[in-house]
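# below is the sequence, then the predicted model.
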Amino acid sequence: DKVTRTIDGTSAVVYEGADTTFKDLNVDLGAYTLLIYRVEMRDAQNQSMGESAPASAIVLTAQGSNRVVHLNWTESVAWMIDSTQVYKQVEGHFVKVATVNTMSYSDTQVQNDVEYRYYVCTFGHYAINGLMRPLVNYSAIVAVTPSDDEPPATSTLTIDTDCEAVNNLLSWTTPPDDDL
């Protein structure tokens, strides 16, 4: 069997052998925008018997905003995705914070100006009986620091001028401060 990895358009054989599993330890998942694997099956005479559909690693992105972290990910696989688990580093350990059936998640249990680290893991299967279950696909770990990047709300100012009394009456409305 032969495993070919394509990183941002450049392909290389990363494994040749008889095992039916392969763990790629020589790639930084967070460094690339597209990472695809393809497996070619070979018989005892090293003749090609066919190859798999391409499958990508999960590409996870994170964006921090005011007291929220938005996670989005993409993956392209030939199997059905049953669920996706979202993990967050808490006190030095990763803990599952959500199971979702979408390709996004927003974490509102964060504070501004604190770094958070996340990864996602999908679980899936082929529709053919007898094949290994579950198929597990991991993203790279991403780090993000939310911050208050929203401008403050504006007040409405009203001026009533009384020219005879020579005075101005200023009044304003203050929008609610959601940062309190």
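Received it, and whenever you're ready, just let me know what you need.
# would you double-check that residue 121 falls in a strand?
Yes - according to DSSP: H, G, I helix; E, B strand; the rest coil, residue 121 belongs to a strand.
# what's the neighbour count on it?
16 (other Cβ atoms under 10 Å). For every residue, glycine as well, the C-beta is placed using N, CA and C.
# so what's the closest residue to residue 104 other than its chain neighbours scoring on pLDDT?
In this structure, residue 104 finds its nearest non-sequential neighbour in residue 72, 4.8 Å apart by Cβ to Cβ, 6 or more residues apart in numbering. On the pLDDT scale, residue 72 is placed at 96.
# and residue 72, which helix or strand is it part of?
Assigning secondary structure by DSSP states H and E places residue 72 in strand 68-74.
# what strand or helix carries the residue most central in space within the chain?
With distances taken as Cα atoms, centre = their mean, the residue of the chain nearest its centroid is residue 60 (2.9 Å). Following DSSP H and E, the helix or strand that holds residue 60 is strand 59-65.
# also residue 78?
Using DSSP H and E, no helix or strand contains residue 78.
# hmm, it is touching residue 53, no?
Yes - with contact defined as Cβ atoms under 8 Å, residue 78 reaches residue 53; the gap is 3.6 Å.
# what sits in contact with each of these two?
Counting by Cβ atoms under 8 Å, 6 or more residues apart in numbering, residue 78 and residue 53 have no shared contacts at all.
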